[in-house]
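below is the sequence, then the predicted model.
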Amino acid sequence: MIPAIIVAGTHSGCGKTTISGALMAALVKRGLTVQPFKVGPDFIDPTHHTAICGRYSRNLDPYMMGKEGLIDTFSRACKGADIAVIEGVMGLYDGLDGGDTGSTAHVSKILGIPVVLIADAKGSSRSINAVVKGFESFDREVNITGVIFNRIGSERHRRMIECSIVKKAYGWIPYEKDKTVESRHLGIQMAYETSTISEFAGVLEDNCNIDAILDDAGSSINNKDSVLIEKVKEKKIKIGIAHDMAFNFYYSDNLDILRRYGAELVFFSPIADRMPKVDALYLGGGYPELFGEQLERSKCRDDIKRAADSGLPVYAECGGLTYLTERIEIDNIKSEMCGLIPAETIKMDRFQALGYIDAECTAGGCIIPRNTCFRGHEFHYTKLTGLGDVKFALKLRRGNGIENGKDGIYVKNILAGYTHAYFTENFAKGFIDNVLLKKRASTI
């Protein structure tokens with residue numbers, strides 16, 4: 001068992017991400033090996049955690065992973081770490097469809113880990129203590145050990161809150177407008193674009209009792225042996241993973257399970273590299289619409305089209321889907337893409353879909369087996385227009401997909417949709433078995 005703490009917020013935008021990252025950075029500075037986590041399906045916050053801690057941040061999502069899957073991921077990831085720090089999602093009690101499922105509180109109860117509550121005090125004084133009192137009493141199974149009051153305007157502001165304080169204060173963080181992370185569509189800037197969060201560690205250390213947080217950090221569940229299969233020693237196939245500024249939305253668990261089933265992962269940049277010699281491609285999500293000119297110029301685009309036209313298995317999610325269309329348009333500027341899917345992509349001014357996915361593969365002969373069921377998430381500002389005559393492989397019991405609950409365009413040996421899937425064993429094994437079958441057939 002290792003100490004662990006969850007950093008939760010009263011609501012989105014209360015400073016949870018900045019303070020979580022700053023706490024991780026402060027603990028790393030003390031010489032601790034910190035294993036970071038993020039509650040929910042978010043891809044962006046974990047990039048900051050990973051950059052700060054030097055260990056891949058993992059998502060903890062009860063809806064996508066299930067209770068046992070969540071415990072397994074947490075246990076495996078914590079091996080070799082001194083402490084685990086988990087950043088929550090939205091407000092502490094905000095879960096699926098207004099319930100508890102998938103909330104930060106839900107994760108806290110599954111893992112038995114205490115909570116540090118971030119309370120945004122901007123615009124209030126005594127009232128913020130009523131908020132804290134309500135959060136503490138709302139669900140007694142959640143152990144809130146103390147509070148970090150954020151956006152304190154002055155020493156007088158702090159004294160006004162202290163007069164009626166109802167829960168231990170770990171810290172009082174002054175409001176510093178210049179130390180915020182800029183946002184864009186899909187969320188805040190990626191880790192490679194800013195160092196603001198790690199730089200905030202000094203502010204946290206000056207205004208927060210980190211020793212008290214460490215003292216109250218609870219012992220997490222036992223780091224039991226993984227219930228999943230052991231890592232396969234023999235590498236059966238090579239899968240090219242698009243990974244650069246345009247494509248970087250991947251769940252670490254997905255990459256791990258592909259490795260366990262015998263895949264060697266070959267990372268490459270569709271912006272800067274030629275397509276590597278591989279047996280299949282996995283094109284994840286990201287921001288291809290922001291790099292249209294570079295992607296159009298790159299010879300990798302032609303490499304991928306030729307390979308896919310020849311039958312190379314390709315699995316693409318969201319940004320990967322749009323990269324496979326004929327072109328992407330943003331702000332009336334069009335960039336040519338791979339042209340493998342008969343449609344154009346347009347970046348809209350507001351999100352087109354946001355929420356969880358519950359999917360089933362209903363197509364025979366697809367690159368994943370028929371009747372494979374899995375869950376995931378969708379969040380995108382783009383939409384496909386001029387969609388030609390295509391087959392959809394995925395039926396969504398929950399979610400929008402490409403249109404009307406249908407997702408996963410299946411053409412040639414390509415499966416591409418807006419769904420960011422959390423891979424099940426059937427999904428990963430079925431995909432790799434399909435690739436292996438294609439590889440063997442090509443050598444006969």
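Everything's here; your move.

so what are the domain limits for the chain?
Listed domain ranges for the chain are 3-219, 237-443 (source: automatic domain parsing).

mind putting those domains in CSV, mean neighbour count and mean pLDDT included?
All C-beta spots, glycine's among them, are computed from the backbone N, C-alpha and C. CSV is the format used below for these (neighbours: other Cβ atoms under 10 Å; pLDDT from 0 to 100):
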stretch, mean neighbour count, mean pLDDT
domain 3-219, 19, 91
domain 237-443, 20, 95
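
I'd say Ile110 and Ile71 touch.
Yes. Counting by Cβ atoms under 8 Å, Ile71 is a contact partner of Ile110 at 6.8 Å.

run the chain-centre distance for the helix or strand that contains Leu70.
Assigned by DSSP states H and E, Leu70 falls within helix 62-78. With Cα atoms, centre = their mean, to the nearest Å as the basis, helix 62-78 stands 14 Å off its chain's centre.

now the element after it, going C-ward?
Following helix 62-78 in sequence order, the next helix or strand is strand 83-91 (DSSP H and E).

tilt between that next one and helix 62-78?
160 degrees (axes from the mean of the first three to the mean of the last three Cα atoms, to 10 degrees).

name the strands paired with strand 83-91 and say parallel or antiparallel.
strand 3-9 (parallel), strand 34-39 (parallel) (DSSP bridges).

how about residues contacting the first one?
Contacts of strand 3-9 from elsewhere in the structure, counted by Cβ atoms under 8 Å, 6 or more residues apart in numbering, are 15-16, 19-20, 23, 39, 78, 82-88, 90-92, 104-105, 107-108, 111, 113-118, 120, 213-214, 216-220.

from one end of stretch 107-119 to the other, what's the distance?
Using Cα to Cα, to the nearest Å, the end-to-end distance of stretch 107-119 comes out at 19 Å.

do a quick rundown of the helices in the stretch 51-200 of the chain.
Under the criterion DSSP state H, counting those that start in this stretch, the stretch 51-200 of the chain contains helices at 62-78, 104-111, 127-138, 155-162, 196-199.

want to try a markdown table for those helices, with distance to Glu326 as columns?
What follows is the helices of the stretch 51-200 of the chain, written out as a markdown table (distance: least, Cβ to Cβ, whole Å):
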| stretch | distance to Glu326 |
| --- | --- |
| helix 62-78 | 31 |
| helix 104-111 | 41 |
| helix 127-138 | 50 |
| helix 155-162 | 56 |
| helix 196-199 | 38 |
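
out of those helices, which gets nearest to Arg259?
If you check each of the helices of the stretch 51-200 of the chain against Arg259 by Cβ to Cβ, helix 62-78 wins as the nearest, at 12.6 Å.

quick revisit: angle of the helix holding Leu70 against helix 104-111?
Going by the same axes, to 10 degrees, helix 62-78 makes 50 degrees with helix 104-111.

with just CA atoms, put helix 62-78 into PDB.
This file holds the C-alpha atoms of helix 62-78, laid out as PDB (Å, rounded to 0.1, in the frame of the first residue of the first chain):
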ATOM      1  CA  PRO A  62     -15.700   3.700 -13.400                       C
ATOM      2  CA  TYR A  63     -18.200   3.900 -16.300                       C
ATOM      3  CA  MET A  64     -15.700   3.000 -19.000                       C
ATOM      4  CA  MET A  65     -13.500   0.600 -16.900                       C
ATOM      5  CA  GLY A  66     -15.800  -0.900 -14.400                       C
ATOM      6  CA  LYS A  67     -14.900  -1.200 -10.700                       C
ATOM      7  CA  GLU A  68     -12.500  -4.100 -11.100                       C
ATOM      8  CA  GLY A  69     -10.900  -2.600 -14.100                       C
ATOM      9  CA  LEU A  70     -10.400   0.700 -12.200                       C
ATOM     10  CA  ILE A  71      -8.800  -1.100  -9.200                       C
ATOM     11  CA  ASP A  72      -6.600  -3.100 -11.600                       C
ATOM     12  CA  THR A  73      -5.300   0.000 -13.400                       C
ATOM     13  CA  PHE A  74      -4.700   1.800 -10.100                       C
ATOM     14  CA  SER A  75      -2.800  -1.100  -8.600                       C
ATOM     15  CA  ARG A  76      -0.600  -1.800 -11.600                       C
ATOM     16  CA  ALA A  77       0.300   1.900 -12.100                       C
ATOM     17  CA  CYS A  78       1.200   2.500  -8.500                       C
END
